[in-house]
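# need a 3D model of the sequence below.
(2 chains, ligands or ions: 1)
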Amino acid sequence: MIGEWRDSSTAKKILKAIFKEVRNIDGVVKFMDVCGTHEDTITRYGLRAMLPQNVQILAGPGCPVCITPVEDIVAMMEIAKVAKNIVITTFGDMYRIPTPKGSFADFKAGGRDVRIVYSIYDAYKMALKEKDKMVVHFSPGFETTTAPTAGILEEVSSQDIKNFKIYSVHRLTPPAVEFLLAQGTEIDGLITPGHVSAIIGVRGWEYLTENYGIPQVVSGFEPLDVLLSVYMLLKMYKNGEKEVKNEYTRVVKYKGNESAQRSIEKFFEVRDAKWRALGVIERSGLFLRKEYEEYEIRTYYPVEVPELPDLERGCRCGEVLRGLILPTECPLFGRVCTPRNPVGPCMVSYEGTCQIFYKYGSLYR
Amino acid sequence: MCLAIPGKIVEIRGTVAIVDYGGVRKEARVDFLPDVKVGDYVIVHTGFAIEKMDEGAAEKSIEAWNEIFESESLEDLDHGEDDE
Ligand code: SF4
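Next up is the predicted model:
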């Protein structure tokens, strides 16, 4: 069933239809993706080069580990220095994200117990097995990752597990898009992330279209999904329609996954939060509610980390995350900054736009 | 980290399912899909099934799109796209 979504004859039909749509469009039409997996599909399959010259796709802040504040990473390490028997768990790309005080990987090299997990469920199982340890999951991610966190918290609370905590750096995606729009990033449509939408539903995005008038298409992740979404956006752009359409109907429902929403809502409340290289974004961070603060490690160790520089000198990750430049416009890209020797977070994560561009080097335009 | 992939449920024990990804089998939690069954396709993200994948909807929409594109006369287009 996946095969159909990669079928090249259908891709050609869609591309022809796209070229037909742009025939009477003067000027450049700009769409933005805000998801690392979309950016991966677009760059891996060279979709930018297939599209008409005047249809551009910008990459937005689609990488949760890239925008995790340096102060939080450093605070987690400070906590681990004073807490006894602590194990930090986190995802593989988070592990390598640089800060002025080093990465989790450096911290581990210094003799600390930091472990990479694929899922918060694995971290939880570690806590069940190693009862003498305090397992703390450093928990980044957008809505799609927050749902699993809430799922595990349900279990931690029902089983009354004392040696498992989280450090929540979860963030919400629609407020980040709103932030860019409010700041003046000009786009003609949004390629809306399909898996965030699986959780929050098509309806979770509607206020952006209502308030800012941009068309959106909730998109899947196969090349045909993205091409179809571009086609649907172009149609809306030409007809002046301002709606949120759903291309990814095989997965995303209008209301999303209500069971996951209830669980997230139960444990977390929304507050203003910092995004690395972007600054504080209103009502964009998820923090444990007062009733559940016993599951948050900061409740026990309220360390304060003074503000640190977000990026090394010369790194233009902030502009990359805003969709203002593509990585190739950064003078360090590919010369000084590579996945082996990353200067900024956007080169570390496989969802980071710089790494994606580096990896599929020849295919972008 | 954000990668979410489709797989087929081959076994369910409480809130934990075994999901087959074209031969590779792994555990996934199904807490948020209360009515999921063996044989269903699901999208799994960091160890959690976040939504079911409706095969019927997929086929229907590809077919529907193909029909739409066939009904539009696209053949006369000079589109500049590379033949692969
Ligand atoms: S290429 Fe490296 S230095 Fe340049 S913006 Fe990307 S991460 Fe920063």
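# okay, CA-based contacts and neighbour counts for the rest of this
Will do.
# my read: A:Asn85 touches A:Lys133, true?
Yes - applying CA atoms under 8 Å as the test, A:Asn85 and A:Lys133 come out as touching, 5.1 Å apart.
# now do the same contact list for the residue lying closest to B:Gly7 once chain neighbours are set aside.
Distances taken as CA to CA, 6 or more residues apart in numbering or on different chains place B:Tyr21 nearest to B:Gly7, at 4.7 Å, with adjacent residues excluded. Residues near B:Tyr21 by CA atoms under 8 Å, 6 or more residues apart in numbering or on different chains: B:Pro6, B:Gly7, B:Lys8.
# phi, psi of B:Tyr21?
Phi and psi for B:Tyr21, reported as degrees, to the nearest 10, are phi -110, psi 80.
# specify the beta-bridge partners of it.
On the basis of DSSP bridges, B:Tyr21 is bridged to B:Val24.
# what about residue 44, how many neighbours?
The chain I'm using is chain A. Residues near A:Arg44, counting by other CA atoms under 10 Å in any protein chain shown, number 19.
# I was thinking of chain B, sorry if that wasn't clear
Neighbour tally, B:Val44, other CA under 10 Å: 24.
# for A:Glu329, same thing?
A:Glu329 - counted by other CA under 10 Å - has 12 other residues nearby.
# which stretches in the stretch 251-365 of chain A count as strands?
Using DSSP state E, counting those that start in this stretch, the strands of the stretch 251-365 of chain A run over residues A:268-275, A:279-288.
# of all the ones you listed, which one is nearest A:Thr89?
When these are compared by CA to CA, strand A:279-288 sits nearest A:Thr89, at 18.4 Å.
# that closest one to strand A:268-275, inter-axis angle?
150 degrees (axes from the mean of the first three to the mean of the last three CA atoms, to 10 degrees).
# for strand A:279-288, name the packing helices and strands.
Strand A:279-288 is packed against strand A:164-170, helix A:173-183, strand A:268-275, with contacts defined by 3 or more CA pairs under 8 Å, 6 or more residues apart in numbering or on different chains; DSSP states H and E.
# show me how far it is from its chain's centre.
Relative to the mean C-alpha coordinate of its chain, strand A:279-288 is positioned 14 Å out (CA atoms, centre = their mean, to the nearest Å).
# cool, stretch A:128-139 as well?
The chain centroid and the centroid of stretch A:128-139 are separated by 25 Å under CA atoms, centre = their mean.
# need the residues that contact stretch A:253-268.
Against stretch A:253-268 from outside (CA under 8 Å, 6+ apart): A:146-147, A:150-151, A:153-154, A:197-204, A:286-289, A:292, B:32-33, B:50-51.
# which among these count as buried?
Listed as buried from these are A:146-147, A:150-151, A:153-154, A:197-202, A:204, A:286-289, B:32-33, B:50-51; burial here means 16 or more other CA atoms under 10 Å in any protein chain shown.
# so which of those belong to helices?
Using DSSP state H, the subset of the buried ones among the contacts of stretch A:253-268 located in helices is A:Thr146, A:Ala147, A:Ala150, A:Gly151, A:Leu153, A:Glu154, A:Ser197, A:Ala198, A:Ile199, A:Ile200.
# tell me how far the first one lies from chain B.
Per CA to the nearest CA, to the nearest Å, A:Thr146 is found 10 Å from chain B.
# need the contact list for the nearest residue to that residue once chain neighbours are set aside.
Closest residue to A:Thr146 apart from its sequence neighbours, by CA to CA, 6+ apart: A:His170 at 6.4 Å. Contacts for A:His170 were tallied using CA under 8 Å, 6+ apart; they are A:Ser139, A:Pro140, A:Gly141, A:Phe142, A:Glu143, A:Thr145, A:Thr146, A:Gly285, A:Leu286, A:Phe287.
# again, only using 6 Å
Contact analysis of A:His170 by CA atoms under 6 Å, 6 or more residues apart in numbering or on different chains lists A:Pro140, A:Gly141, A:Phe142, A:Gly285, A:Leu286.
# in PyMOL, select just the buried ones from those residues.
Buried residues among the contacts of A:His170 (16+ other CA under 10 Å), as a PyMOL selection:
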select buried, chain A and resi 140+141+142+285+286
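# can you tell me which of the contacts of A:His170 is nearest A:Leu233?
A:Phe142 (24.0 Å).
# any residue of stretch A:343-357 up close to the ligand?
Yes - residues of stretch A:343-357 contacting the ligand under CA under 6 Å from any ligand atom: A:Val343, A:Gly344, A:Pro345, A:Cys346, A:Met347, A:Cys354.
# possible to save those as TSV with pLDDT and neighbour count?
Converted to TSV, the residues of stretch A:343-357 next to the ligand look like this (pLDDT from 0 to 100; neighbours: other CA atoms under 10 Å in any protein chain shown):
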residue	pLDDT	neighbour count
A:Val343	93	24
A:Gly344	94	27
A:Pro345	93	31
A:Cys346	94	28
A:Met347	93	28
A:Cys354	94	28
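# out of those residues, which comes closest to A:Asp72?
Checking the residues of stretch A:343-357 next to the ligand one by one against A:Asp72 (CA to CA), the nearest turns out to be A:Pro345, at 14.3 Å.
# quick one: the closest one from A:Leu311, how far?
Remark: distance between A:Pro345 and A:Leu311 (CA to CA, to the nearest Å) = 8 Å.
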